[in-house]
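Novice: Sequence first, predicted model second:
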Amino acid sequence: MGKKKEDVVEKLTQEETVQRKLKFQKWSLITKVKTMCVVILIIQLTSNNGEVVNANMASIVGSSAFNDCPLPYEKLSSKGGCTTLHSEKSLVLLTGGEEHTTIYQSLLGEGVNTEPLYTKAIQNLVGKYGKTFTWDIKSKMMGLHHSEGAKYIVKALDLPLTWEEYDESIQEEYNIVLANPDIFPGAKKLVDHLSKHKIPIAVATSSSMDSFKLKSANHKEFFKLFDHIVCGGSDPEVKHGKPAPDIFLVAAERFPSKPNAENCLVFEDAPNGVKAAVSAGMQVVMVPDENIAEDQRKGATVVVSSLDLTPLEKFGLPSLKET
Ligand SMILES: O=c1[nH]cc([C@@H]2O[C@H](COP(=O)(O)O)[C@@H](O)[C@H]2O)c(=O)[nH]1
């Protein structure tokens, strides 16, 4: 009996030892992973000649004014903040400059004037249910992946549709309405200028490839000036739509020289796009519609009323005044 008891005690002790060993191994693994994460984070934060670049850029997020301009635009903040010109038009563009090396990187979204057409198509559809597509709803929808936009509007307007039904119907409206948008005159001037100065530029739109083809069909020459086009709505590498940074990071990565985020400059019309650019660690010129509220413009490095009024020289890029 006593022996059996001892056996049980010994067995228990063995089991306990095994458990403790397992526990120790688990703890040790977690500690190693945590240490690796911290090391990776430090490497990332100090990767540009030891400067804490991303932390600096992150300070723009949620800033209450346009005064927290990151380099090189900070020159303006010493003169009383970034210039805020009055806005009227909208557009999604992305461009960038690399100071000191005179290698500039640019990413550019759509230069076509599609927003009034989106408004018309959406109002056509929601009007059938007695609803109004307001600017408040539109400003939160712009730039979203189409599925996210569909979920948002169905809820916001309490439409008697599933988001999938809305999405299907709105794609049909878009096919009719979005076929022939104009190019913004300011976009043409900006893109011609960047192209003339051999500044790489790309499109970064949340639209799907099919939708982009529809909208750009009549402007093939204009879009030939771009190095590449990223259509976030259908691109498998763009995992999360705006306001996540994915689309801009993918667009930057596809330039052969793989520019750092701080050397890319985004042109955006949508508040979600501005948020995406800022969280990618990029500077952003916002070209908002006049209906976009003041507090939805926060985070932009500079706000302009037309693309060709962008003070490119403040970003180390050739001035548009010399064009
Ligand atoms: O009034 C709206 N404008 C724009 C969009 C959406 O914005 C995206 C276009 O994004 P970008 O601005 O990145 O091209 C598309 O998915 C489009 O459906 C929307 O939902 N509603």
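Specialist: All right, it came through fine.

Novice: wait, doesn't Met209 sit right on Ser234?
Specialist: Yes: counting by Cβ atoms under 8 Å, Met209 does reach Ser234; the two are 4.7 Å apart. (C-beta placed from N, C-alpha, C; glycine too.)

Novice: What ranges does this protein have for its strands?
Specialist: For the chain, the strands defined by DSSP state E occupy 93-95, 202-205, 228-231, 265-268, 283-286, 302-303.

Novice: The second one - contacts with which helices or strands?
Specialist: Using 3 or more Cβ pairs under 8 Å, 6 or more residues apart in numbering; DSSP states H and E as the contact criterion, the elements in contact with strand 202-205 are strand 228-231, helix 246-253.

Novice: hey, which of the ones you listed is tucked in deepest?
Specialist: helix 246-253 (a mean of 24; mean count of other Cβ atoms under 10 Å).

Novice: Counting by contacts, list what that one packs against.
Specialist: Here helix 246-253 touches strand 202-205, strand 228-231, helix 271-279, going by 3+ Cβ pairs under 8 Å, 6+ apart.

Novice: what's the weakest-modelled helix or strand in this structure?
Specialist: Counting by mean pLDDT, DSSP states H and E, the chain has its least confident helix or strand at helix 53-58, which shows a mean of 22.

Novice: ok, now which ones touch His146?
Specialist: His146 makes contacts with Asp167, Ile170, Gln171, Ser206, Ser207, Ser208, Ser211, Gly233, as judged by Cβ atoms under 8 Å, 6 or more residues apart in numbering.

Novice: contacting residues around the second one?
Specialist: Ile170 sits next to Ala121, Ile122, Leu125, His146, Ala150 when contact means Cβ under 8 Å, 6+ apart.

Novice: cool, and the last one?
Specialist: Neighbouring residues of Gly233 by Cβ under 8 Å, 6+ apart: His145, His146, Thr205, Ser206, Ser207, Ser208, Met209, Ser211, Gly241.

Novice: Look up phi and psi at it.
Specialist: phi -70, psi -20 (degrees, to the nearest 10).

Novice: can you pull the pLDDT of it?
Specialist: In this model, Gly233 is scored at 93, pLDDT.

Novice: Please report the number of neighbouring residues for the closest residue to it other than its chain neighbours.
Specialist: Leaving aside its chain neighbours, Gly233 sits nearest to Ser208 (3.5 Å; criterion: Cβ to Cβ, 6 or more residues apart in numbering). Each residue near Ser208 was counted by other Cβ atoms under 10 Å, and the total is 17.

Novice: Same question for Ala300.
Specialist: 28.

Novice: now it, nearest residue through space, not along the chain?
Specialist: Met286 (3.6 Å).

Novice: Repeat that for Phe212.
Specialist: Setting aside the residues directly before and after it, Phe212 is nearest to Cys231 in space (Cβ to Cβ, 6+ apart), at 5.0 Å.

Novice: quick one: Ser139 and Leu312, what's the gap?
Specialist: Using Cβ to Cβ, to the nearest Å, Ser139 is found at 26 Å from Leu312.

Novice: Same check on Val126?
Specialist: Separation of Val126 from Leu312 (Cβ to Cβ) stands at 39 Å.

Novice: ditto for Phe222
Specialist: Going from Phe222 to Leu312 by Cβ to Cβ gives 19 Å.

Novice: In this structure, where is pLDDT below threshold?
Specialist: Scanning the chain for pLDDT under 70 picks out 1-110, 323.

Novice: switch to 80 and redo it
Specialist: 1-112, 180, 185, 322-323 (pLDDT under 80).

Novice: Okay, domains of it per the record?
Specialist: Per automatic domain parsing, the structural domains of the chain span 1-45, 62-113+181-322, 117-177.

Novice: Turn the contacts of Gly233 into CSV, including distance to Thr114.
Specialist: CSV is the format used below for those (distance: Cβ to Cβ, whole Å):
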residue, distance to Thr114
His145, 16
His146, 13
Thr205, 9
Ser206, 11
Ser207, 9
Ser208, 13
Met209, 15
Ser211, 9
Gly241, 17
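
Novice: Grab the two from the residues you listed that are most spread out in space.
Specialist: Met209 and Gly241 (14.7 Å; Cβ to Cβ).

Novice: What residues does this protein have near the ligand?
Specialist: Taking Cβ under 6 Å from any ligand atom as the contact definition, the chain meets the ligand at 92, 109-110, 115, 118-119, 122, 138, 141-144, 146, 149, 205-207, 233, 270, 273.

Novice: can you rerun that using 5 Å?
Specialist: By the rule Cβ under 5 Å from any ligand atom, the part of the chain lying against the ligand is Val92, Tyr118, Lys138, Met141, Met142, Gly143, His146, Gly149, Thr205, Ser206, Ser207.

Novice: Among these, the buried ones, what's the ChimeraX command?
Specialist: The following ChimeraX line selects those of those that are buried, judged by 16 or more other Cβ atoms under 10 Å:
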select :92,118,138,141,142,143,146,149,205,206,207
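
Novice: Out of the residues of the chain next to the ligand, name the ones that lie in helices.
Specialist: Judged by DSSP state H, the residues of the chain next to the ligand include Tyr118, Lys138, Met141, His146, Gly149 as members of helices.
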